[in-house]
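Asks: when you get a sec, could you give me coordinates for this:
(chains A and B)
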Amino acid sequence: EVQLVQSGAEMKKPGESLMISCKGSGYTFTSYWIGWLRQRPGKGLEWMGIIHPGDPETRYNPSFEGQVTMSVDKSISTAYLQWNSLKASDTAIYYCARHASARSFDYWGQGTLVTVSS
Amino acid sequence: QSALTQPPSASGSPGQSVTISCTGTSNDVGGYDFVSWYQQHPGKAPKLLIYEVNKRPSGVPDRFSGSKSGNTASLTVSGLQADDEADFYCSSYAGRSGVRYVFGTGTKVTVL
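Replies: A predicted model of the protein is given here:
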């Protein structure tokens, strides 16, 4: 069974750094791109970028490039999303999702709630 | 790249059908047959319902169907059931550079 399990909720202050994780299982982790998506409170989904665990190549949404960093550790089938300096506007649920060859996201993690508040 | 436009809400009685539209441009919906639809229940992660405009992943009932005409894609939910009450999002591939995937504004479906 394909599963993506994300790290738990985080509460941070503005300016702090953060890394959240997404561990894949039930499939060959290095064969599929992993996408990261943001959902602000009460809002829709936004595509942040994708990373290929096997290479690892990355493709960022220009709106997020320079604001976050995607990385992977293929030895433990885990993808990461990192911030160096959080802002209140980063408060959101962040999802990782497996990127299928059909240009869709076929399996999703449960989401990680990130709250940034002073 | 702007979000795809969906109606904020749609509703129907159990057993009825509801259709949700998703309007983009020739740079996304109209330019590629890579439209997908996702269902999101409150507090849950999105679930893939439709990919490549009209294909269903294994396990998705055939009550869910997709189509596309020009720059507008549509999702039809037939035989509405109580559990269909959720938010629905469309998404389209938008090319190999910049914003590669755009999502819709979302539609809240209410089963009356």
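Asks: so what pLDDT did the residue nearest the centre of chain A get?
Replies: For chain A, the residue sitting closest to the mean C-alpha position, by Cα atoms, centre = their mean, is residue A:36 at 3.6 Å. pLDDT recorded at residue A:36 is 98.
Asks: element containing it?
Replies: strand A:33-39 (DSSP states H and E).
Asks: between the helix or strand following that strand and strand A:33-39, how many degrees?
Replies: Using DSSP H and E, the helix or strand that directly follows strand A:33-39 along the chain is strand A:45-51. Here strand A:45-51 runs at an angle of 150 degrees relative to strand A:33-39 (axes from the mean of the first three to the mean of the last three Cα atoms, to 10 degrees).
Asks: quick one: contacts of strand A:45-51?
Replies: A:33-40, A:57-61, A:63-65, A:68, A:70-72, A:79, A:81, A:94-95, A:99, B:38, B:46, B:89, B:91, B:99-103, B:106 (Cβ atoms under 8 Å, 6 or more residues apart in numbering or on different chains). Using the backbone N, CA and C atoms, a C-beta is placed for each residue, glycine as well.
Asks: quickly run through the sheet partners of the next helix or strand after that strand, with directions.
Replies: Downstream of strand A:45-51, the first helix or strand assigned by DSSP H and E is strand A:58-60. Using DSSP bridges, strand A:58-60 pairs in its sheet with strand A:45-51 (antiparallel).
Asks: ok so, going back, and the strand holding residue A:36, what does it pack onto?
Replies: strand A:45-51, strand A:69-73, strand A:78-83, strand A:92-100 (3 or more Cβ pairs under 8 Å, 6 or more residues apart in numbering or on different chains; DSSP states H and E).
Asks: adding mean pLDDT, write the ones you listed out as JSON lines.
Replies: As requested, those are exported to JSON lines (pLDDT from 0 to 100):
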{"stretch": "strand A:45-51", "mean pLDDT": "97"}
{"stretch": "strand A:69-73", "mean pLDDT": "97"}
{"stretch": "strand A:78-83", "mean pLDDT": "98"}
{"stretch": "strand A:92-100", "mean pLDDT": "97"}
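Asks: dump those to a markdown table, plus distance to residue A:14.
Replies: As requested, the helices and strands packed on strand A:33-39 are arranged in a markdown table below (distance: least, Cβ to Cβ, whole Å):
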| stretch | distance to residue A:14 |
| --- | --- |
| strand A:45-51 | 20 |
| strand A:69-73 | 18 |
| strand A:78-83 | 11 |
| strand A:92-100 | 14 |
